[in-house]
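Q: coordinates only, sequence not included:
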Ligand SMILES: O=c1ccn([C@@H]2O[C@H](COP(=O)(O)O)[C@@H](O)[C@H]2O)c(=O)[nH]1
């Protein structure tokens, strides 16, 4: 099955929620865990075990593992394996992008199933030129994985680049969205290539229908709400995979409370798609 088909099924069965695994030092402290590789492992494994089954996907944020060096990467590997064993899709938030030959190495690291860090999908940055992502796109296609490309990010600095106009009058974000849509053009169902569009962007005139998933961060801690998602995405809301990290993780460490919080969030985003 392609990533798009697996994700559609998971979103339909569990609700369109992706829970971010972002082990911030302050969150680890509030869970009674130290800011160390040991604390990182306890935090992340407890989160994955509590959240698997309550969300369509989990999204480990690579930076929070990288900051613990080699031991942190070992924990990331364990977290990815545990989530996949529990039947939850893994979107690794690494925002990779580089010249083609290096992009291939990133693709090998995350999208080739023989890699220890292989996941279902990654986030990628198109700001070295959309074509530079080709090795990631081709590797994902070859192995039934997916790629979410940054288009309209949730941070306030994003518009200075993403709203800029290209020579043909389209915005940079518009060209990214069009390119993602063309990657999914031959797809009958739900494509495996998605765009990242924040819940905090306010208004947009861009065409958000990419015939594939829209990963939507910025919900909760950054101020985005379910109402914002309904307003921004309109009919494309059916393709939204709502992503929230700190707001849901703040409900821990009790696994049953964490699980219930994610279930409730998944229900509320599923209701948006039904309206
Ligand atoms: O536009 C983007 C792209 C990615 N992110 C990432 O999502 C989470 C958000 O965490 P919260 O705690 O829910 O704010 C984080 O890992 C970001 O790096 C994003 O926020 N915006």
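A: Nice, thanks for sending it over. Source: prediction; values computed, not measured.
Q: report pLDDT for the nearest residue to residue 234 once chain neighbours are set aside.
A: In space, and not counting its chain neighbours, residue 234 is closest to residue 208: 7.7 Å by C-beta to C-beta, 6 or more residues apart in numbering. In this view, the C-beta of every residue, glycine as well, is placed from N, C-alpha and C. The per-residue pLDDT reported for residue 208 equals 97.
Q: with residue 188 instead?
A: Looking at residue 188, the pLDDT reads 84.
Q: kindly report the same for residue 36.
A: Reading off the model, residue 36 has pLDDT 98.
Q: for the remainder of this discussion, apply numbering that starts at 52.
A: With 52 as the first residue, the last one maps to residue 87.
Q: contacting residues around it?
A: Going by C-beta atoms under 8 Å, 6 or more residues apart in numbering, residue 87 touches residue 119.
Q: next up, the contacts around the closest residue to the ligand within the stretch 52-201 of the chain.
A: Nearest to the ligand, among the residues of the stretch 52-201 of the chain, is residue 112, at 3.7 Å (C-beta to the nearest ligand atom). Neighbour list for residue 112: 71, 72, 73, 144, 296 [criterion: C-beta under 8 Å, 6+ apart].
Q: how about 6 Å then?
A: Residue 112 makes contact with 73, 144 under the criterion C-beta atoms under 6 Å, 6 or more residues apart in numbering.
Q: follow-up on the earlier one: surely the residue nearest to residue 285 forms part of a helix?
A: No: the assignment for residue 259, made by DSSP: H, G, I helix; E, B strand; the rest coil, is coil rather than a helix.
Q: what's the burial count for it?
A: 21 (other C-beta atoms under 10 Å).
Q: from the ligand, how far out is residue 227?
A: Applying C-beta to the nearest ligand atom, to the nearest Å, the value for residue 227 to the ligand is 12 Å.
Q: residue 198 in helix, strand or coil?
A: Strictly by three-state DSSP, residue 198 counts as strand.
Q: isn't it up against residue 190?
A: No: the pair residue 198 / residue 190 is not scored as a contact, 9.0 Å apart, by C-beta atoms under 6 Å.
Q: ok, the residue nearest to residue 285 touching residue 287?
A: Yes: between residue 259 and residue 287 there is a contact under C-beta under 6 Å: 4.3 Å.
Q: thinking again about what came up before, residue 198 and residue 190: which has the busier surroundings?
A: residue 198 (28 against 20).
Q: so what's the residue count around the closest residue to residue 201 other than its chain neighbours?
A: Spatially, and ignoring its direct neighbours in sequence, residue 201 is nearest to residue 247 (4.8 Å; C-beta to C-beta, 6+ apart). With neighbours defined by other C-beta under 10 Å, the count for residue 247 comes to 26.
Q: next, residue 247: secondary structure please.
A: strand.
Q: roughly how far does it sit from residue 52?
A: Going from residue 247 to residue 52 by C-beta to C-beta, to the nearest Å gives 23 Å.
Q: can you get me the start-to-end distance on stretch 133-140?
A: 11 Å (C-alpha to C-alpha, to the nearest Å).
Q: need the contact partners of that stretch.
A: 61, 99, 103, 108, 109, 141, 171.
Q: please report which of those has the highest neighbour count.
A: residue 109 (32 neighbours).
Q: rounded mean pLDDT for the strand or helix carrying that one, please.
A: Using DSSP states H and E, the element containing residue 109 is strand 108-111. For strand 108-111, mean pLDDT is 98.
Q: residue numbers of the stretch 152-301 of the chain in contact with the ligand?
A: Contact residues, the stretch 152-301 of the chain versus the ligand (C-beta under 6 Å from any ligand atom): 204-205, 247, 249, 268-269, 271-273, 294-297.
Q: narrow those to those in strands?
A: Of these, the ones assigned to strands by DSSP state E are 247, 294, 295.
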